[in-house]
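1. coords below, sequence missing:
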């Protein structure tokens, strides 16, 4: 699924992160440690420097493969068990989605001014910065597989009712679980390399280069 969505947006897989369960922030100019586990700085959703593109809708097929961390995160977020794919065909639906960006000079200014990011770079651990994010309302649609017993289907339909989100359970052969509020469901990251363009000793870096993430750096 991660590859399919990355291809949809024309993004290299190494730089693309599915944000499930959604973590706060993860908007452009948010800064993380190089393992993406610890945020150093979060960009607020109402930051005036953010630009949002036109709204769009799309969907992606989903298999709750226990070996795929991102897919398991989706199942957990929507309150269904990992074996839901045995009883149903699953599809993620994104409505009123937007690409969210910030101008490059503004992102450079922020990372140059951030003391925690600089400290990480001084330890030879260049931090990551979110360069682009995707937010919107997300729904999970489960469709009953042919031949699935009524009991198994009823058990699956009962799973999401405890989720603290907007939930619609149809009377027929579909379950649609919808999150009420828009979330950042994916984002693109770059490595931040600090650069000193002057020769005077003791001067702080005065520029930043944004470097793409190699696909084989780690698996997310």
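-> Everything's here; your move. This is a predicted model, so every value here is computed, not measured.

2. where along this structure do the helices fall?
-> Assigned by DSSP state H, the chain shows helices spanning 2-9, 69-78, 104-113, 115-122, 150-158.

3. Next, the angle from the third one to helix 115-122.
-> With axes from the mean of the first three to the mean of the last three C-alpha atoms, to 10 degrees as the basis, helix 104-113 and helix 115-122 are set at 80 degrees to each other.

4. ok, and what's touching helix 104-113?
-> Residues outside helix 104-113 that contact it (C-beta atoms under 8 Å, 6 or more residues apart in numbering): 28-29, 31, 41, 49, 117-118, 127, 129, 131, 192, 194, 205-208, 210. All C-beta atoms are positioned from the backbone trio N, CA, C, and that covers glycine.

5. what packs against the biggest strand by length in the chain?
-> When the chain is scanned for its longest strand (criterion: DSSP state E), the result is strand 128-144. Taking 3 or more C-beta pairs under 8 Å, 6 or more residues apart in numbering; DSSP states H and E as the contact definition, the neighbouring helices and strands of strand 128-144 are strand 31-32, strand 88-101, helix 104-113, strand 174-178, strand 183-195.

6. looking at it, residue 184 is touching residue 138, isn't it?
-> No - using C-beta atoms under 8 Å as the test, residue 184 is too far from residue 138 to be in contact (10.2 Å).

7. Show me the shaky parts of the chain.
-> Filtered on pLDDT under 70, the chain yields the residue ranges 1, 64-72, 82-83, 85, 159-171, 198-203, 214-220.

8. switch to 90 and redo it
-> Along the chain, segments meeting pLDDT under 90 span 1-25, 33-38, 59-92, 112-113, 115-127, 139-181, 193-220.

9. how many neighbours does residue 58 have?
-> 13 (other C-beta atoms under 10 Å).

10. who's it bridged to?
-> residue 94 (DSSP bridges).

11. separation between it and residue 84?
-> 21 Å (C-beta to C-beta, to the nearest Å).

12. rewinding a little: quick check on the contacts of helix 104-113: which are buried?
-> Buried members of those, scored by 16 or more other C-beta atoms under 10 Å, are 28-29, 31, 41, 117-118, 127, 129, 131, 192, 194, 205, 208, 210.

13. What is the most widely separated pair among those residues?
-> 28 and 205 (20.6 Å; C-beta to C-beta).

14. Tell me, how many residues neighbour the residue nearest to residue 188 when sequence neighbours are not counted?
-> Nearest non-adjacent residue to residue 188, counting by C-beta to C-beta, 6 or more residues apart in numbering: residue 132, 4.4 Å away. Residues near residue 132, counting by other C-beta under 10 Å, number 20.
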